[in-house]
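Peer 1: what shape does this take:
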Amino acid sequence: MTQRYAVIMAGGKGERFWPLSTSKHPKQLLNLIGEKPLIAQAVERLEGLLPLNHIYIVTNADLLEATRKALPTLPTQNIVGEPIGRDTAAAVACSAALIKAQDPNAVFAILTADHVMGQIDQFKTTLHAAMKCAAQNDVLLTIGIKPTEPATGFGYIKINKKIETIDGVNFFTVQKFVEKPNLETAKSYLSTGGFYWNSGMFIWSVSSIYNAFLAHDPDRATLMDTLTPYAQNGKIDEGMALTYPTLEKISIDYALMEKAKNIIVAAGTFTWDDVGSWPALENHFPQDQQNNTAIGDVELIHCSNNLIYSKNHLTALIGVENLIVVQAEGVTLICPKDQAQNIKQLLANLRTSNQHTHLL
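Peer 2: Just a heads-up that it's a prediction; the model follows:
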């Protein structure tokens, strides 16, 4: 049987969850939703599907210690740290080298550390079926999520024709990938049908991803070639230190997924959320009769449609609406919900001014 592996990407900064998420303790290491850090939940979802020693984590070098602490049952050598961020195409090439060093005939999944999912049994069924498909075909496979609302925070995939069903999971060819839409466009996608959310989860064989890099992104094929012997000798850190400084930054979507012709979508029917910013938490916590989402020690009078996070500090609001209010790590953040995307700009300003860098 073809050996199966998974690599969980865990290099994100989670800046849009500042001040709770910081560069030293980013979103994937937080108990943001549930009792365990998001990255521990990502590993737990694979239980029964893969042995622990077939699960790898690719994170930032400066997060290695914190990531290993969050995942005490995972073999230490399975958690590797990139010396500098070079976007997801480099991380995939590094992952492919790690897996090729174990078994050049393997298939593997690329997953993400900060997704939130429900119906885990259905997720496992979908991933297992996708690995079967990837083992039998020269394809680049991604999991699309059937949309439940006209979300503007996700990219979309327009499917083409259905090609097969494996274990109840439907597989389709791809017509096109589309960027995050505005609200009217997202509504049209739902009414038209045939569109799925782009989950950023991928499944392929070692040979298929290598051939795709050769065809569309030769620099990443070279990176894979260079890193594989280092991985075989347990020295991938040395290989990355040598190669990463001169690498171009490029995402796997731009490098491959928008160019390749052998892309297949597995239709995911489980609940899924790429919890990208503070407003997304409203989907995962109860609301009061005035549509306030209060997490922690919060007191409200005459307030509506607010999101408040204040776990170790009383935060009281009177007569306000449509705000995000966060009290964490000695910082208070207040902004209108529709300005949440500007948190990244705020952090950029703080870095430029060199103020409060210990809080970033």
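
Peer 1: helix/strand/coil for Glu164?
Peer 2: Secondary structure state of Glu164, per DSSP: H, G, I helix; E, B strand; the rest coil, is strand.

Peer 1: ok, now how distant is it from Ile264?
Peer 2: 9 Å (C-beta to C-beta, to the nearest Å). Where you see a C-beta, it was placed from the backbone N, CA and C, and this is true even at glycine.

Peer 1: burial of Ile308, as a residue count?
Peer 2: By the criterion of other C-beta atoms under 10 Å, Ile308 has 24 neighbours.

Peer 1: now it: which helix or strand?
Peer 2: If you go by DSSP states H and E, Ile308 is part of strand 307-318.

Peer 1: indicate each strand paired with that strand and its parallel or antiparallel sense.
Peer 2: strand 293-301 (parallel), strand 323-328 (parallel) (DSSP bridges).

Peer 1: pLDDT on the helix or strand encompassing Ile39, on average?
Peer 2: Using DSSP H and E, Ile39 maps to helix 38-44. Computed over helix 38-44, the mean pLDDT rounds to 95.

Peer 1: could you do stretch 251-262 as well?
Peer 2: For stretch 251-262, mean pLDDT is 92.

Peer 1: from the chain's centre, how far out does it sit?
Peer 2: The chain centre lies 17 Å from the centre of stretch 251-262; the measure is C-alpha atoms, centre = their mean, to the nearest Å.

Peer 1: how about that stretch, which residues are buried there?
Peer 2: Within stretch 251-262, the residues that count as buried by 16 or more other C-beta atoms under 10 Å are 251-258, 260, 262.

Peer 1: same check on stretch 175-188?
Peer 2: Neighbour count says stretch 175-188 has 177, 181, 186 buried, by 16+ other C-beta under 10 Å.

Peer 1: can you tell me which of the residues you listed end up in strands?
Peer 2: Phe177 (DSSP state E).

Peer 1: how about a markdown table for the strands paired with strand 307-318, with mean pLDDT, mean neighbour count and distance to Lys36 added?
Peer 2: Converted to a markdown table, these look like this (pLDDT from 0 to 100; neighbours: other C-beta atoms under 10 Å; distance: least, C-beta to C-beta, whole Å):
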| stretch | mean pLDDT | mean neighbour count | distance to Lys36 |
| --- | --- | --- | --- |
| strand 293-301 | 96 | 17 | 17 |
| strand 323-328 | 96 | 21 | 19 |
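
Peer 1: skipping adjacent residues, who's closest to the one residue sitting closest to the centre of the chain in space?
Peer 2: By C-alpha atoms, centre = their mean, the chain has its centre lying nearest to Thr112, at 3.4 Å. Excluding the flanking residues, the one nearest Thr112 by C-beta to C-beta, 6 or more residues apart in numbering is Met9, at 5.2 Å.

Peer 1: that older thread, how about the buried residues of stretch 175-188 in a markdown table, adding distance to Val139?
Peer 2: Below are these laid out as a markdown table (distance: C-beta to C-beta, whole Å):
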| residue | distance to Val139 |
| --- | --- |
| Phe177 | 15 |
| Pro181 | 26 |
| Ala186 | 28 |
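
Peer 1: need the buried residues of stretch 175-188 in a markdown table with distance to Asp103 and pLDDT, can you?
Peer 2: Below are the buried residues of stretch 175-188 laid out as a markdown table (distance: C-beta to C-beta, whole Å; pLDDT from 0 to 100):
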| residue | distance to Asp103 | pLDDT |
| --- | --- | --- |
| Phe177 | 30 | 89 |
| Pro181 | 40 | 88 |
| Ala186 | 41 | 90 |
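
Peer 1: of all the buried residues of stretch 175-188, which comes closest to Ala90?
Peer 2: Each of these was scored against Ala90 by C-beta to C-beta, and Phe177 proved nearest at 19.9 Å.

Peer 1: next, the contact list for that closest one, please.
Peer 2: Neighbouring residues of Phe177 by C-beta atoms under 8 Å, 6 or more residues apart in numbering: 155-158, 198, 253, 257-258.

Peer 1: where along the stretch 101-250 of the chain do the helices fall?
Peer 2: 120-136, 183-192, 206-216, 218-232, 236-243 (DSSP state H, counting those that start in this stretch).

Peer 1: compare these and give me the one nearest Cys335.
Peer 2: helix 183-192 (20.1 Å).

Peer 1: other residues contacting the closest one?
Peer 2: With C-beta under 8 Å, 6+ apart as the criterion, helix 183-192 contacts 147, 149-152, 156, 181, 195.

Peer 1: off-centre distance for it?
Peer 2: Using C-alpha atoms, centre = their mean, the offset of helix 183-192 from its chain centre is 24 Å.
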